[in-house]
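# fold the following.
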Amino acid sequence: MATQENKVVYGLKNVHYSKMTIDQTGKVVYAKPTAIRGAVEISLESKAELVSFEADNEVYYSAPGTSSYEGTLTLAKVPDAFLVDILGEVLDETDGVQTEVDGAKTSNFALLFQFEGDVNGTRHLFYNCSASRPSVASKTGKEIGTTELAFTASAKPAETVNDKAVVKTKTTANTTTAVYNAWFDAVYVKAPAVG
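The predicted structure follows:
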């Protein structure tokens, strides 16, 4: 792949979600990523708080705390499949009616997306996301509306890199072509070191 780093990033495309489950052994398993068409904007804010300890009348120790993100994904429309797969809505196969039910079991998911760049697109992955139900709104007229999906991304359970819980990852100018090209085929999980 290109070894030159992007100078700027812009645009949003290739948004996908992948339902996350945990198998009987405690291992995280991801479904094949599903495309979400109509992405308009994504905005995530880090919620990592600084942990500090005071001693000797000064800050004796400080370090970043648990890392998580909160944000919104603005879409032309939240896909019905996402509402069923992730937010637990029920689709009646006989009459085609989809229903939100009280106490629905929601599922966590990985969120994959791409920012364009002047050299190459940067592909991102948040491993452990949970979403809130989107608002229901529209208005008379021909102006096209959007829907905001609020979500939180936190550390991925049961998997670590250098003994640290994994929150997110992204491609760089040095990412191999094979990894870059397969980014939206399956959720990227770093292979364990051998030896």
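
# surely residue 132 meets residue 150?
Yes - counting by C-beta atoms under 8 Å, residue 132 does reach residue 150; the two are 4.5 Å apart. For the C-beta atoms, the positions are set from N, CA and C on the backbone; glycine is no exception.

# bridging residues for the residue most central in space within the chain?
Within the chain, the residue whose C-alpha comes closest to the C-alpha centroid is residue 111; the distance, by C-alpha atoms, centre = their mean, is 2.6 Å. For residue 111, the beta-bridge partners under DSSP bridges are residue 17, residue 126.

# relative to residue 80, how far out is it?
18 Å (C-beta to C-beta, to the nearest Å).

# same thing with residue 182?
Between residue 182 and residue 80 the distance is 27 Å, computed by C-beta to C-beta.

# right, and the helix or strand after the helix or strand of the chain with the lowest mean pLDDT?
When the helices and strands of the chain are compared on mean pLDDT, DSSP states H and E, strand 160-161 comes out lowest with a mean of 59. The helix or strand immediately downstream of strand 160-161 is strand 164-165, counting by DSSP states H and E.

# so what are the sheet partners of that next one and their directions?
strand 160-161 (antiparallel).

# my guess is residue 88 contacts residue 99, does it?
No - the pair residue 88 and residue 99 fails to qualify as a contact (C-beta under 8 Å) at a distance of 10.3 Å.

# can you tell me the closest non-neighbouring residue to residue 53?
The shortest distance from residue 53 to any residue that is not its chain neighbour, by C-beta to C-beta, 6 or more residues apart in numbering, is 4.4 Å, and that residue is residue 61.

# residues touching the one you found, list them.
52-53, 55 (C-beta atoms under 8 Å, 6 or more residues apart in numbering).

# which of these has the most neighbours?
The member of these that has the most neighbours, counting by other C-beta atoms under 10 Å, is residue 52 with 11 neighbours.

# gap between the residue nearest to the centre of the chain and residue 48?
18 Å.

# quick one: residue 89 and residue 98 touch, right?
Yes - A contact is recorded between residue 89 and residue 98 when judged using C-beta under 8 Å, the distance being 5.4 Å.

# overlap in contacts of those two?
With contacts taken as C-beta under 8 Å, 6+ apart, residue 89 and residue 98 have 80, 83 as neighbours in common.

# just confirm residue 43 is within a strand.
Yes - assigned with DSSP: H, G, I helix; E, B strand; the rest coil, residue 43 falls within a strand.

# partner residues bridging the residue lying closest to it once chain neighbours are set aside?
Here the nearest residue to residue 43 in space, its sequence neighbours aside, is residue 71; by C-beta to C-beta, 6+ apart that works out to 5.0 Å. Partner residues in beta bridges with residue 71: residue 44, residue 151, with DSSP bridges as the criterion.

# and residue 71, what does it touch?
42-45, 150-151, 153 are the contacts of residue 71 under C-beta under 8 Å, 6+ apart.

# out of the residues you listed, which is most surrounded?
Highest neighbour count within the contacts of residue 71, by other C-beta under 10 Å: residue 153, with 25 neighbours.
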